[in-house]
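**Student:** My questions are about this predicted structure, shown below with the sequence.
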Amino acid sequence: MSVEIARDVAALRNAVARWRAEGARIALVPTMGALHEGHLALVHEARIRAERVVMSIFVNPTQFAPNEDFAAYPRSFDRDAAAFVAAGGDLIFAPEVTEVYPPGFVTKVSLGGPATAGLEDKFRPDHFVGVATIVAKLLIMAMPDAAIFGEKDYQQLAVIRQMARDLNLEPEIVGAPTIRAADGLALSSRNVYLRPQERAKAPLLHAALERCRAAILQGAAVDTAVASARDALIEAGFAVDYVAARNAETLAPVVARENGPIRLLVAAWLGKTRLIDNIGV
Ligand code: AMP
């Protein structure tokens, strides 16, 4: 089995045009590589919706702050290509940074709504502008019928849905559930940063959300349940950026279950590794 690799937009568009001429539907799975089962689950979702699946592998510099891990971000192209083809993928779009951001590039997508909910945006101020701009570009470059994103990055999914709606971007935006390790830790390319003791502690993040959900379902006040989750994580040695109960669609704060379907979201550090997770109530 071999996979087609496009390094520039022209090659990507050629392949897509060829498939369109054959009457195929096309789905796009945007990633930064260092693939794990979470990414491959998105490929499976894509296969359900389309005859041809394109994955972009691009570590997008504009979504990293200067103090973040752009240079150290794990890169494993050959392994990724093998995993993608084994999962039934057709083409990898892996451009150089200069192909995506040629000299003189200045345009950015301006965001509001879920992008200013006070969650990730509060701790990574320019992150979603970088994400939204690259996703808009990828959707325009590939013009797929559908694009698949993980609920693991729940606020990101909300930002992309909002942008696609507001800018009349054609592809259907599809969210796919979070894939977890057996002990509950959400799979993430950044989990490789965790030292053994940190990895052992990391599942507490998901466990704290599960306990919070159970408490709310048993009638505990939302604020109290969220505060206990935060306390439990701090007690276990996490440095907590936020634990929050939000409206699952708008990401507006919720004070009671009557305010709509609740999503519990968390971001916390174990040593030098920042982990995020979320679950529905
Ligand atoms: P990344 O390569 O981390 O930028 O992620 C690429 C896509 O994979 C995004 O849509 C993520 O939300 C999704 N993703 C990452 N981890 C998981 C996971 N554990 N389960 C499901 N989707 C995931």
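**Tutor:** In hand now; what should we look at? Just so it is clear, the structure is predicted and the values come from calculations on it, not from any experiment.
**Student:** Quick one: low-confidence residue ranges for the stretch 1-150 of the chain.
**Tutor:** Counting by pLDDT under 70, the stretch 1-150 of the chain has low-confidence residues at 1.
**Student:** Show me what from it comes close to the ligand.
**Tutor:** Residues of the stretch 1-150 of the chain lying close to the ligand (CB under 6 Å from any ligand atom) are T31, M32, G38, H39, A41, L42, F149, G150. Every C-beta, even on glycine, is put in place using the N, C-alpha and C of the backbone.
**Student:** Out of those residues, flag the one nearest to L91.
**Tutor:** Lowest distance from L91 to these (CB to CB) belongs to T31, with 13.2 Å.
**Student:** got the domain boundaries for the chain?
**Tutor:** Using automatic domain parsing, the domain parsing of the chain gives 4-176, 189-280.
**Student:** Can I get those in CSV including distance to D183?
**Tutor:** Listed next are those as CSV, based on distance: least, CB to CB, whole Å:
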stretch, distance to D183
domain 4-176, 14
domain 189-280, 4
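**Student:** what would these look like in CSV with mean neighbour count?
**Tutor:** Output for the domains of the chain, formatted as CSV (neighbours: other CB atoms under 10 Å):
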stretch, mean neighbour count
domain 4-176, 18
domain 189-280, 17
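**Student:** So which of the ones you listed is nearest A182?
**Tutor:** Each of the domains of the chain has some distance to A182 by CB to CB; the shortest is domain 189-280, at 9.2 Å.
**Student:** what's the spacing between the closest one and its chain's center?
**Tutor:** Per CA atoms, centre = their mean, to the nearest Å, the displacement of domain 189-280 from the mean C-alpha position of its chain is 17 Å.
**Student:** average pLDDT across it?
**Tutor:** For domain 189-280, mean pLDDT is 96.
**Student:** anything in that domain near the ligand?
**Tutor:** Yes. Domain 189-280 is in contact with the ligand by CB under 6 Å from any ligand atom, via S189.
**Student:** Next, work out how far apart the closest residue to Y193 other than its chain neighbours and G89 are.
**Tutor:** Take Y193 and drop its neighbours on the chain: the residue closest to it by CB to CB, 6 or more residues apart in numbering is T273, 4.3 Å away. To G89, T273 is 28 Å away according to CB to CB, to the nearest Å.
**Student:** now swap in K201 and tell me
**Tutor:** Distance of K201 to G89, computed by CB to CB: 34 Å.
**Student:** V135 too?
**Tutor:** 19 Å.
**Student:** for F105, same thing?
**Tutor:** F105 is 28 Å from G89, by CB to CB.
**Student:** Over to S2?
**Tutor:** Counting by CB to CB, the gap from S2 to G89 is 11 Å.
**Student:** same question, Y242
**Tutor:** Distance, Y242 to G89, by CB to CB: 35 Å.
**Student:** Same check on L119?
**Tutor:** For L119 relative to G89 (CB to CB), the value is 31 Å.
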